Every structure is written in C-alpha cells, then in structure tokens.
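# Got a predicted structure plus its sequence, pasted below:
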Amino acid sequence: MTKRFLGFVLLLSLVMAAFSAQAAANPDDVLGVWKNGEGTGMIQIFKKGDKYFGRLVWLKVPNNPDGTPRTDVNNPDESKRKVSLKGLENMRDFKFAGDNKWDNGKIYDPKNGNDYSCEMTLVDPNTLEVRGYIGVSLFGRTDVWKRQVKK
C-alpha cells in the first residue's frame, strides 16, 4: 500500500511539473501587435537585445481633417512635433521579470506629451494589461490591450 501511494505521489508530481513547465512564461510571449483599450491605436511590441519596445503601427484616425498625417503635436520637444504618430516608438526599455510580467519600462502618451513609468502583465495569450504610473504603481492607470497579430 505504501509503495503504491508513493508511486501515485511521484506520478502526480511529474504531471504537475510538466504542466507548470508548460505554463511558465516565455519572455517573448508579449511580442506581436496589440490594440489599445480604446480601439484607437495598435502597438507592435518588439525586442532589441534583452529589452522590449513598442511602436504605433495603426491609428483609427491616421490623418488630420486636412488629409495630412497626424503628428506628435503635444510633444514637449518642439523639434519632434512634426514627427508622424504612425511608426512612433512610444514604449521602451521593458525587461522580463517572470510571472508573465515586464517592468521597468516607459510609455509615452502622445495625447498629452507625457512619459510614464510602465509595466505590462500578460493575463492570457491574447490579453495584455498595460499600467502607466507616476512614482509608484499604486498611482496609475491600467489599460487592457487585445492581441491582433502574434509576433
């Protein structure tokens, strides 16, 4: 009876280990194209070295009323106000922290020209929580993004 019980516990442990290894996050799981919560833009998350970045690749309203491409008009640096929003790198320097989380990044909001500290959490393969904050994460806002294209 004891040998049978120990065999069962060993088998159960192996099965649990296999499932937890399968559920372990791959740092590159965040790569791909994501639509922001408002549905106004899509951001491609990509990797340079061991850090993750994001750039705007689609805008719901890509042009101004006069037909010209929308630019970064709220940028505090006047020399960057004529830069197109499409293609703008607005996320930078994220590092994988484990547990489906990327942190120590920055996110730039072209709506107001502000830069925020940021962290991302992959809730499931197609849902990404992006939290921008000032100072500590407690004082911030979380936006839920949906995957559009994987890698």
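Cool, the structure landed. The structure displayed is predicted, hence computed values, not measured ones.
# Every contact and neighbour count from this point should use C-alpha atoms.
Noted.
# Other residues contacting stretch 49-57?
With CA atoms under 8 Å, 6 or more residues apart in numbering as the contact definition, stretch 49-57 has outside contacts at 41-47, 85-96.
# Buried among these? Need that as a selection in PyMOL.
Per 16 or more other CA atoms under 10 Å, the buried members of the contacts of stretch 49-57 correspond to this PyMOL selection:
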select buried, resi 41+42+43+44+45+46+47+85+86+88+89+90+91+92+93+94+95+96
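# Can you list which of the contacts of stretch 49-57 are found in strands?
41-47, 89-96 (DSSP state E).
# ok, so of those residues, who is nearest residue 119?
Ranking the ones in strands among the contacts of stretch 49-57 by separation from residue 119, with CA to CA as the measure, puts residue 94 on top at 7.5 Å.
# The closest one contacts residue 119, doesn't it?
Yes. Residue 94 is in contact with residue 119 according to CA atoms under 8 Å; the separation is 7.5 Å.
# Need the overlap of contacts for these two.
Counting by CA under 8 Å, 6+ apart, the residues touching both residue 94 and residue 119 are 102, 103, 104, 105, 106.
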